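# Structure for this input, please:
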Amino acid sequence: MKKALVVMMALTVGGLAFASTLSVPWFVDTAPAAAKFPPRVNGVTGIVFLHNNTVTPKLCSIEYFTQTGTAIGPESPDNTFVIQPQASLAFRPVSSDPDSVGGGQEAVDAGWLVPDRPMGTTGGNDNKANGSLVITWLGENTDVQGVYIMNQFVVQPDSAAGKLVSYAHLLPPGA
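Numbering: from 1, shown residues only. All right, here's what the predicted structure looks like:
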């Protein structure tokens with residue numbers, strides 16, 4: 001009885017903050033920076049778009065995983081970023097691609113500040129420009145929504161023309 005009373009008081013006075021998540025189950029991001037949109041050079045441009053549905057800034061953290069599920073960071077506190085109220089941002093998971101360079105996709109005051117996937121081979125990292133990621137924040141699972149877009153441009157060997165393959169999918173909220 002005493003424990004139930006303490007829990008009820010905590011809920012009444014302070015409430016509970018729940019962590020919510022959104023994940024990209026697989027991304028590829030091999031195109032060079034400043035490849036434009038749609039890209040005009042060989043490679044795959046992966047872009048994650050996130051939107052903050054609340055009227056307050058949303059502090060988020062990000063964690064990347066290899067294709068085998070090995071968590072590769074980045075380590076806290078270097079894994080956080082903020083989405084401004086009622087704002088959206090776009091970021092490339094691997095490439096540092098500031099929009100201050102012609103053809104760049106990440107706004108330098110928003111998406112460019114999202115930490116990139118760590119590269120290298122330490123700690124089980126496979127040093128690949130692909131994997132999965134999980135974004136976490138405190139609040140409702142409807143506070144942040146997202147979309148992942150992948151564009152691949154392939155130069156045709158016998159001509160100056162190219163072929164663009166593109167797809168996108170909505171990122172449903174997690175827990």
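# Adjacent strands (with direction) for the lengthiest strand in the chain?
Determined from DSSP state E, the single longest strand within the chain is strand 144-155. Taking DSSP bridges as the criterion, strand 144-155 forms sheet pairs with strand 43-52 (antiparallel), strand 162-171 (antiparallel).
# where exactly do the strands run in the chain?
Using DSSP E, strands in the chain cover 19-28, 43-52, 58-65, 71-73, 80-83, 88-91, 130-138, 144-155, 162-171.
# As TSV, these with mean neighbour count and distance to residue 107 would be great.
Using the backbone N, CA and C atoms, a C-beta is placed for each residue, glycine as well. Converted to TSV, these look like this (neighbours: other Cβ atoms under 10 Å; distance: least, Cβ to Cβ, whole Å):
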stretch	mean neighbour count	distance to residue 107
strand 19-28	17	19
strand 43-52	21	12
strand 58-65	20	16
strand 71-73	16	23
strand 80-83	19	12
strand 88-91	22	7
strand 130-138	19	17
strand 144-155	18	16
strand 162-171	12	19
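# one step back: quick one: the longest strand of the chain to chain centroid distance?
From the chain centre to the centre of strand 144-155 is a distance of 12 Å (Cα atoms, centre = their mean, to the nearest Å).
# pull the CA atoms of it into PDB?
In PDB, the C-alpha atoms belonging to strand 144-155 read as follows (Å, rounded to 0.1, in the frame of the first residue of the first chain):
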ATOM      1  CA  VAL A 144       9.000  13.200 -33.800                       C
ATOM      2  CA  GLN A 145       8.200  11.700 -37.100                       C
ATOM      3  CA  GLY A 146      10.500  10.900 -40.000                       C
ATOM      4  CA  VAL A 147      11.100   9.700 -43.600                       C
ATOM      5  CA  TYR A 148      14.100   8.000 -45.100                       C
ATOM      6  CA  ILE A 149      14.900   8.700 -48.800                       C
ATOM      7  CA  MET A 150      17.500   6.900 -50.900                       C
ATOM      8  CA  ASN A 151      18.600   8.100 -54.300                       C
ATOM      9  CA  GLN A 152      21.000   6.300 -56.500                       C
ATOM     10  CA  PHE A 153      22.400   7.800 -59.700                       C
ATOM     11  CA  VAL A 154      24.200   5.500 -62.200                       C
ATOM     12  CA  VAL A 155      26.100   6.900 -65.200                       C
END
